[in-house]
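Trainee: coordinates only, no sequence provided:
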């Protein structure tokens, strides 16, 4: 599988995720971050998701680390 094919495959997979399932997975990803001790970090880089691409919602993670 080429890189172009892989990108298309995973983009199609993301688009097929039901909204309720995506919200559940986003919550589970946030919980995973909350369980890891990252108190030693001074800087954390993230990206803002594009809703049309059905990407992981990183906003709750960024908010959690902004506390």
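Mentor: In hand now; what should we look at? Everything quoted here is computed from the prediction, not taken from an experiment.
Trainee: going forward, measure contacts and count neighbours with C-alpha atoms only.
Mentor: Fine.
Trainee: give me the contacts around the helix-or-strand element of the chain with minimal mean pLDDT.
Mentor: Lowest mean confidence among the helices and strands of the chain (mean pLDDT, DSSP states H and E): helix 59-66, at a mean of 92. Residues outside helix 59-66 that contact it (CA atoms under 8 Å, 6 or more residues apart in numbering) are 30, 33, 34, 46, 48.
Trainee: which members of these occur in helices, if any?
Mentor: Judged by DSSP state H, the subset of the contacts of helix 59-66 located in helices is 30, 33, 34.
Trainee: out of these, which is nearest to residue 14?
Mentor: residue 30 (18.0 Å; CA to CA).
Trainee: check what pLDDT that closest one gets.
Mentor: Listed pLDDT for residue 30 reads 97.
Trainee: any idea how far residue 24 is from it?
Mentor: Here the criterion is CA to CA, to the nearest Å. By it, residue 30 lies 10 Å from residue 24.
Trainee: just the buried residues of the contacts of helix 59-66.
Mentor: residue 30 (16 or more other CA atoms under 10 Å).
Trainee: between which two of the contacts of helix 59-66 is the distance greatest?
Mentor: Taking CA to CA, no two of the contacts of helix 59-66 sit farther apart than 34 and 48, at 18.8 Å.
Trainee: that older thread, buried set for the least confident helix or strand of the chain?
Mentor: Here helix 59-66 shows 61, 62 as buried, counting by 16+ other CA under 10 Å.
Trainee: likewise for stretch 20-31?
Mentor: Buried-residue list, stretch 20-31, by 16+ other CA under 10 Å: 22, 26, 29, 30.
Trainee: for the third one, give its distance to residue 14.
Mentor: If I follow you right, that is residue 29. Separation of residue 29 from residue 14 (CA to CA): 15 Å.
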